[in-house]
Structures are given as C-alpha cells and as structure tokens.
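**Q** quick check, what structure comes out for this input:
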Amino acid sequence: MAILELDLDPVDAITVGVEGEPGSRIFFLEGRQGSRQCTLLVEKIQLQELGGQLLQLLEPPPLRSGPAPEPVTRPGDPPGWRVGNIQLSLDEDGGQCTLLLEERRSLPLVEGDDQAAELEEAVELEELAEDDDSELRAARLVATISQVRALAERALQVIEGGRAICPLCHLPIDPRGHVCPASNGHHRA
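**A** Next comes the predicted model:
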C-alpha cells in the first residue's frame, strides 16, 4: 500500500491547472486546504477520463454553484510527483467525493530483441514493484459534490483547449502542418 503523503479532508479548492502551448502542455491536478497545497502531474487522458467519469457518476446536475477555481499554482512552483492510479469514491448521503491519487510506478525500460524475455522480465519487475509499494506516495482529497462537478467540467474544458482534431484520422493536428495518415499522405490539414 502506498504511503499517504497528503490528506486534504476537506479541500477548500480543487481544480485542474495547465501550462504550455497546445501540443506540449503539462497538466496538473491541484488541491488546497488553508495554506496546504497539493499540485500533482497528471496525463491528459487521465483528466479526460476523470472528467467524463465524474460527470456520468454525478448525473443529474445540481443547481449551478459557480465555475471551478482557477489553478492554484504560481509560476515557478515545482509540481509534486506524477499520478498513476486514481481511485474515486462517492458518498451521496454525506455529499462528498474522495479522490485517492497514487504515485505512478516507474519501471525501467527493458532492452533486447526477444519479446518473450522482455515480457517475462517486465512481469518480474512489476511483481518486485508491487512488493515494494511502501516507496510509492499517495494523496487523499475529499471534496463536496459541487466541487467535484466543477473539477470535472474544468478538466474537460482544459482538454478541449488543446489542438484541433483531424476529422479524418482523429489525431491532433500539429500547428506546423498535419499529414493525415487516413488520406495516405495525400491531404494536408
């Protein structure tokens, strides 16, 4: 089990932050409780899934409580660790939602040509990492349902602010030009 490094119960604010230009953005999940702050790196797909799952889980929407807070990081603030697993629990009676964010386990890359040996070694490394979960960190953020709904909406809004998607291949369009694989390279978007 991961070590609970940070426990914000309840959070004063929870939101999503982003830095950089579309195509090279860095995403953050941020929480604040008084002077305590949690800023963790997340992947774009994690935000997209989290936002979608939360909105599905929280249907139907309650009365509007306002927009999600703006990001709490300041330029130059170093982010914490990179998030791997995200666990979500909802207490509808208590009106709260708990996010448990676990640090991403980094396994060394396996070199060599033999795929079977690579797979076997990767499984062994995974088992070793599972045995040594005590080195992984975790953060627990407890928020109200309205805060979590605003987080989900903000996450999806941030995702939509990225690069346009090609209607043919459904891949992001590079601002410097896009050779669409669906058109066999004959069409530039």
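**Q** pretty sure A182 contacts P167?
**A** No. Using CB atoms under 8 Å as the test, A182 is too far from P167 to be in contact (9.2 Å). Where you see a C-beta, it was placed from the backbone N, CA and C, and this is true even at glycine.
**Q** low pLDDT regions in this structure?
**A** The model of the chain has pLDDT under 70 over residues 1, 60-79, 106-134, 185-189.
**Q** so which residues of this protein form helices?
**A** For the chain, the helices defined by DSSP state H cover 44-57, 115-131, 145-160.
**Q** how many degrees apart are the last one and helix 44-57 in direction?
**A** The one in question is helix 145-160. Going by axes from the mean of the first three to the mean of the last three CA atoms, to 10 degrees, helix 145-160 is angled at 140 degrees with respect to helix 44-57.
**Q** and helix 145-160, what's buried?
**A** 145-156, 158-159 (16 or more other CB atoms under 10 Å).
**Q** now swap in the shortest one and tell me
**A** Neighbour-count burial for helix 44-57, counted by 16+ other CB under 10 Å, picks out 44, 46-48, 50-51, 54-55.
**Q** residue contacts, the residue nearest to L99 when sequence neighbours are not counted?
**A** Leaving aside its chain neighbours, L99 sits nearest to L141 (4.6 Å; criterion: CB to CB, 6 or more residues apart in numbering). Contacts were defined as CB atoms under 8 Å, 6 or more residues apart in numbering; by that measure L141 touches 8-9, 11, 14, 31, 38, 98-99, 101.
**Q** just list whatever residues bridge to L141.
**A** Under DSSP bridges, the beta-bridge partners of L141 are L8, L99.
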